[in-house]
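Novice: one predicted model, sequence on top.
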Amino acid sequence: KRGPGIVTGTAIGTMDGRRPMLRTGAVPGDVVAVTGPLGGPAAALEAIDLGIEAEEARSTLYTPIPRVSEGMSLAESGAVSSCMDLSDGLGTALNTLCKASGVGMDVELDFIPREEYVEDIAKMSEKPVKELLLDCGGEYELLFTADRERLGKIYEAEVPFHIIGVVTEGDSPELLENGERSAISNGRY
C-alpha cells in the first residue's frame, strides 16, 4: 500500500549585495533574543489532542507567519551575530546555534515570551509550560544573538524582540528556572 506523497522544494536566488545572517558568529556576552511569542503550535497540538476548540492556537499552527521582513531588517541592522528560524523549535535552534558558534547559552524560562493561551492549555494537558515553549517545532519566529552594545541598531530598525538570555563560554544551552539550571535538549518536532 502506498502512503501519502511528500512534496519538497528548494529556493535558489541571490542576495543582491546583501550579507546573509549565519548560524555562526555568536560570542560570549551577546544577548540571545526572539522576535515574538512562542508556544502557539505546541499548544494547538495539545488542544487538538484534548478536543479543545482553541481557534487562536490552531491559527498559529495552520497559518504561520514567517518573519521575512523582520529578518531582512535584522540583517540590515548589522547588529546580529547569528540567526535562524524556529521552525524546528526553540530547543533545537538553541542547540544548533551553540554548536555552530562553539558557545553556550543561558536562557531564562521567565523571559521567553509566550502566547496568552499557552499556560492554560499546558495546565489542561498536564504538560510543563517549558515543554510547549522548547520542545515543539512549527514556530516561525526568529532566534538571534546580538552584541549588546549594538542593540540600538535593532531598536532603530523597529524590529520587535524579546531578550531571553545571554551567550556564554561553553558548548550547549542551559535553562534557568527558579534558580535551577538544566540542559536544553533538541525538540521533538
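Specialist: Perfect, thanks for sending it.
Novice: contacts, neighbours, all on C-alpha from now
Specialist: Will do.
Novice: what is the lowest-mean-pLDDT helix or strand in the chain packed up against?
Specialist: Lowest by mean pLDDT, DSSP states H and E among the helices and strands of the chain is helix 55-62, with a mean of 85. When contacts are defined as 3 or more C-alpha pairs under 8 Å, 6 or more residues apart in numbering; DSSP states H and E, helix 55-62 packs onto helix 40-50.
Novice: just to revisit the earlier point, report the inter-axis angle for the least confident helix or strand of the chain versus helix 40-50.
Specialist: Interaxial angle, helix 55-62 versus helix 40-50 (axes from the mean of the first three to the mean of the last three C-alpha atoms, to 10 degrees): 110 degrees.
Novice: in helix 55-62, what's buried?
Specialist: For helix 55-62, a neighbour-count test (16 or more other C-alpha atoms under 10 Å) marks 57-58, 60-61 as buried.
Novice: residue ranges in the chain under the pLDDT threshold?
Specialist: For the chain, the stretches with pLDDT under 70 are 1-3, 188-189.
Novice: show me where it has its strands.
Specialist: Along the chain, counting by DSSP state E, strands occupy 31-34, 80-85, 104-108, 142-146, 162-168, 173-177, 180-183.
Novice: outside of the second one itself, list whatever touches it.
Specialist: Going back to what we said before, that points to strand 80-85. By C-alpha atoms under 8 Å, 6 or more residues apart in numbering, the residues outside strand 80-85 that reach it are 21-27, 74, 93, 97, 139-147.
Novice: tell me the angle that strand makes with strand 142-146.
Specialist: Inter-element angle recorded for strand 80-85 and strand 142-146: 170 degrees (by the same axes, to 10 degrees).
Novice: note down every partner strand of strand 80-85 and its orientation.
Specialist: Here strand 80-85 is paired, per DSSP bridges, with strand 142-146 (antiparallel).
Novice: for the partner strand, which outside residues touch it?
Specialist: 26, 30-36, 67, 71, 79-86, 90, 93-94, 167.
Novice: neighbours of I52, just the number please.
Specialist: 13 (other C-alpha atoms under 10 Å).
Novice: same question for E131.
Specialist: Neighbouring residues of E131 were enumerated by other C-alpha under 10 Å; the total is 16.
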